[in-house]
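K.L.:
Output the structure for:
(2 chains, ligands or ions: 2)
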Amino acid sequence: MGAHISIPMYQRAVPQRYRLIGQRCLKCGRVNFPPKAVCKYCLTGSEFENVQLSGRGTIYSYTIIAGGGAPPEFAEDARCKGSYPVVLVELEEGPRIIAQLVNPPGEGISIGMPVEAVFRRIYEEEGVIRYGFKFRLV
Amino acid sequence: MEGVAIIGAGQTRYGDFPGKGVKELFAEAYLEALKSVDHGLDPQTIQAAYIGCLSAGSGFQLGQLAPLLMGHVGLPHVNAVRVENACASGGFALYTAACAVASGKFDLVVAAGVEKMRDVSSSKGRYWLGVSGDTEYERLAGSTFAGIYALMAARYMHEYGLKREHLSMVAVKNHRNAVANPKAQFRREITLEQAMNGVPVAHPFNVWDCSPTTDGAAVVLLCNAKIARQFTSKPVYLKGFGAASDYLAIHDRNTVTSLAATRRAAAEAYKQAGIGPSDIDFAEVHDCFTIAEILAYGDLGFCEVGRAHYLLENGDTQLDGRLPVNASGGLKAKGHPIGATGCGMACEIFKQLRDEAMEPSRQIKNARYALSHNVGGSGGTAAVFIYQRGDES
Ligand SMILES: CC(C)(COP(=O)(O)OP(=O)(O)OC[C@H]1O[C@@H](n2cnc3c(N)ncnc32)[C@H](O)[C@@H]1OP(=O)(O)O)[C@@H](O)C(=O)NCCC(=O)NCCS
Ligand SMILES: [Zn+2]
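P.N.:
Numbering: from 1, shown residues only, chains lettered A, B, ... in the order given. Ligands and ions are numbered 1, 2, ... in the order given. Alright, predicted model coming up:
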């Protein structure tokens, strides 16, 4: 049983997952990603303009998921690759975001390393392959 | 505000019980709690029940679980509700029950928690371990809670010089404490070397850094402090209770080396109790992963944030230390039946503060104040309680 994200729900997040669209708060000017209804910085602004994020950032923290650490819908990935890294990235524009790192764990990953977003296969549900961003070391 | 007292508590052993479902586990804990009331209690006088549970038996009863369980123990008429905040469901059930009594609305209520995690395969079970974070982002990054806490651990190591072996010291301590606890899931010691070299789960964690999946239930009986002595000469008073929330997703938080929900809940509980961290004699804290106990030391005020590893190195939080933490074995070794955990901690403290710790070797002596701390998922919610023994004049 995998995490259930219906196809329409996944589709609604396509601007974020495919194109890294963030929102700049018209009140305080800071960038929220993923989007919020009320700005997470000033806690009052509710009007935003879209901004294209660069996809560049640095590793704020990381882990390497193996075997029992993988959710069922990623168990096959963990089995095939042995393990896969997950990173918390601090984006150039300020927000942090969690995603997979495409480089194999053997390459040596550490906090502070620069990364950039790449478009990849995420997982499959209801027979539909879901795509979105991951990161790679630059 | 009315005072709140605990007059009875019971829990099943935690573990793997193929012969018992959610109803049987709940009934066992409930009947043990009733029996623990020294002067007896007429169950028909119970007015409300708050029951913590995440998966409702791996999804078989997602709706109206509470009346199902109360009907099973002869209390179909009681105002019953399920409380859900993932791993803090039991803590929030206890908090809600305490507020109901403190408000004066009810005099006698049940706070409980139950979880049945071992009926399904390991892979199906893991479904439930990553649907209480920010599913759309954390889960779709390929992470369950092990991975989220691992991100906190790696950052803590980077910022404060915590070493891999400090994580393992938590596991070794808690496994040692569980040996004498008849209610614990794993009653076996592990060596530091073993703890550092288990099967990898989410770097830096191996299997010994993780709480297990567990079946179990816990029930606590609360009443208005004014009537507590009708039921027992040894009530335990809930002097303070706090609960708070935070951003659910790890990427939305300012810091990942401290849980703001814990800090806010603790501040509320200490303020209400009128005491501070240095007054606490022992504590049960939420160690779902070894780093979680380390975060708790700082967030509960037992040390400065970032200095928790010195408490471990000094042995301060061992059973014979100045502030024993997780004398029960903690989530790591006592077990972690998600929704039951918060109430199971209250059971342990109720027994300890009445000098009824079951095995003399694990009785904490001369304790006056105790604290319990229950976290939802990776810190989206937290509840903190301060208890005072009630057999003093
Ligand atoms: C760590 C984990 C992945 C291991 O799962 P698993 O590999 O499927 O383990 P199994 O249940 O198949 O058990 C295999 C063996 O390891 C032991 N074991 C399992 N988890 C253990 C743990 N956390 N600590 C110690 N031993 C453990 C079992 O007792 C069993 O031993 P046995 O073969 O002697 O009977 C799993 O326990 C887990 O997901 N824990 C985290 C729970 C969680 O996230 N809770 C919510 C917290 S927010
Ligand atoms: Zn703003």
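K.L.:
can you give me the helices in chain A?
P.N.:
Here chain A has its helices, by DSSP state H, at A:7-12, A:14-19, A:75-81.
K.L.:
so where's the stretch 51-200 of chain B uncertain?
P.N.:
Within the stretch 51-200 of chain B, not a single segment meets pLDDT under 70.
K.L.:
For it, which segments are assigned as strands?
P.N.:
With DSSP state E, counting those that start in this stretch, the ranges of strands along the stretch 51-200 of chain B come out as B:79-83, B:108-116, B:200-202.
K.L.:
any weak-confidence spans in chain A?
P.N.:
For chain A (pLDDT under 70), the answer is A:1-3.
K.L.:
Could I get the contacting residues of the spatially closest residue to residue B:183 that is not a sequence neighbour?
P.N.:
Nearest residue to residue B:183, sequence neighbours excluded (Cβ to Cβ, 6 or more residues apart in numbering or on different chains): residue B:13, at 5.0 Å. Placement of C-beta: from N, CA and C, glycine included. By Cβ atoms under 8 Å, 6 or more residues apart in numbering or on different chains, the contact list for residue B:13 reads B:182, B:183, B:184, B:185, B:216.
K.L.:
What's the separation between the fourth one and ligand 2?
P.N.:
If you measure residue B:185 against ligand 2 using Cβ to the ion, to the nearest Å, the figure is 46 Å.
K.L.:
re earlier: can you tell me the helix or strand for the residue nearest to residue B:183?
P.N.:
For residue B:13, there is no host helix or strand (DSSP states H and E).
K.L.:
Return the residues in contact with the spatially most central residue of chain A.
P.N.:
The centroid of chain A falls nearest to residue A:99 when counting by Cα atoms, centre = their mean (3.6 Å). The contact partners of residue A:99, by Cβ under 8 Å, 6+ apart, come to A:86, A:87, A:89, A:117, A:132, A:133, A:134, A:135, B:141.
K.L.:
now, which of the residues you listed sits nearest residue B:365?
P.N.:
residue A:86 (45.0 Å; Cβ to Cβ).
K.L.:
ok, what's across the strand from that closest one?
P.N.:
Assessed by DSSP bridges, residue A:86 has beta-bridge partners residue A:63, residue A:100.
K.L.:
Now do the same contact list for it.
P.N.:
A:62-65, A:98-101, B:141-143, B:147, B:151, B:202.
K.L.:
ok, the residue of the stretch 251-393 of chain B found nearest ligand 1 to ligand 2 distance?
P.N.:
Residue of the stretch 251-393 of chain B nearest ligand 1, by Cβ to the nearest ligand atom: residue B:288 (3.6 Å). Distance, residue B:288 to ligand 2, using Cβ to the ion: 33 Å.
K.L.:
Please apply the same query to residue A:78.
P.N.:
39 Å.
K.L.:
which residues does whichever residue of chain A sits closest to ligand 1 contact?
P.N.:
Distances between chain A and ligand 1 by Cβ to the nearest ligand atom are smallest at residue A:68, namely 2.8 Å. When contacts are counted by Cβ under 8 Å, 6+ apart, residue A:68 is found next to B:122, B:126, B:146, B:199, B:201, B:207, B:210.
K.L.:
can I get those residues in JSON lines with neighbour count?
P.N.:
Formatted as JSON lines, the contacts of residue A:68 follow (neighbours: other Cβ atoms under 10 Å in any protein chain shown):
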{"residue": "B:122", "neighbour count": "12"}
{"residue": "B:126", "neighbour count": "24"}
{"residue": "B:146", "neighbour count": "27"}
{"residue": "B:199", "neighbour count": "11"}
{"residue": "B:201", "neighbour count": "26"}
{"residue": "B:207", "neighbour count": "16"}
{"residue": "B:210", "neighbour count": "27"}
